[in-house]
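A.B. asks: Just to be clear, the model below is a prediction. Sequence and coordinates:
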Amino acid sequence: MHSVSVTVEPEQYLAGWRSEAGCLFIPVLSEARVGEQAAVRVGIYGQTIRATLFGRVSLVRRVGRPALPPGVELQLDRASLAAAGFLAMAARGEPVSFKERMPRFAVARRLSIEHGGKAFETTTLNVSEGGCAVRWPGQLPLVGDVVTLRLADGLFGASPRAIVCWNQPGGSTERSVGLRVLAEGWSGRSWRGIVKGIAREGAHAA
């Protein structure tokens, strides 16, 4: 998984966005290969809106010229299309009311995480069917890093993978990370089941 953060001019974003195909060209990651996955935190100059987009590299331009800079084209996943569309609205100067997240619930729940070959316990700040925000001890992970969540003990406990969408330093004791849970198979269903159970218990909306 490649990860990068980039801020582009409005005209550059609009030139690279093909809404009908769900593709976005960005002038970064030209060392990537077709078929590889990437997470890109995209901002627009002059706008406060930012979004993390996920996709698979569908084209690589390693050598370019001023009108055609080097970079990659991403075939965005379905969950990233709305965010890419909101970025296009911002680039055109249209008013945007954008929320880069699903409805979520404020709840402190113990969670086991594996990252970089290390396992540790932490606490959620909020959860949704799409992911969660957690307190993060130690050095912050990079946007695009993949982590594993341990939802239960034992051999058959669900262990969904998640991707880091954002990180927030916030001081020595207030570091936090946003995770997007990959909704794959039984592990993904297990995560959604936990969130639905939290909602039924009457947790407050975040």
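C.D. replies: Cool, got the structure.

A.B. asks: which intervals of the protein have sub-threshold pLDDT?
C.D. replies: Residue ranges of the chain with pLDDT under 70: 1, 64-67, 97-102, 152-157, 170-173, 183-184, 206.

A.B. asks: list the contacts for the most centrally placed residue in it?
C.D. replies: Compute the mean C-alpha point of the chain, and by CA atoms, centre = their mean the closest residue is Cys165, 3.2 Å away. By CB atoms under 8 Å, 6 or more residues apart in numbering, the residues touching Cys165 are 39, 52, 131, 143, 178-180. All C-beta spots, glycine's among them, are computed from the backbone N, C-alpha and C.

A.B. asks: could you redo the last one with a cut-off of 6 Å?
C.D. replies: Contacts for Cys165 were tallied using CB atoms under 6 Å, 6 or more residues apart in numbering; they are 52, 178, 180.

A.B. asks: try Val34
C.D. replies: By CB under 6 Å, 6+ apart, the contact list for Val34 reads 57, 60.

A.B. asks: Make sure I have this right: it is in a strand.
C.D. replies: No - counting by DSSP: H, G, I helix; E, B strand; the rest coil, one finds Val34 to be coil, located in no strand.

A.B. asks: Against Gly144, how distant is it?
C.D. replies: 18 Å (CB to CB, to the nearest Å).

A.B. asks: next one: Glu73
C.D. replies: As judged by CB to CB, Glu73 and Gly144 stand 17 Å apart.

A.B. asks: Look up the residues forming beta bridges with Ile113.
C.D. replies: Note on Ile113: beta-bridge partners Phe120, Leu149, judged by DSSP bridges.

A.B. asks: surely it meets Val147?
C.D. replies: Yes - contact criterion CB atoms under 6 Å: Ile113 and Val147 qualify, at 5.5 Å.
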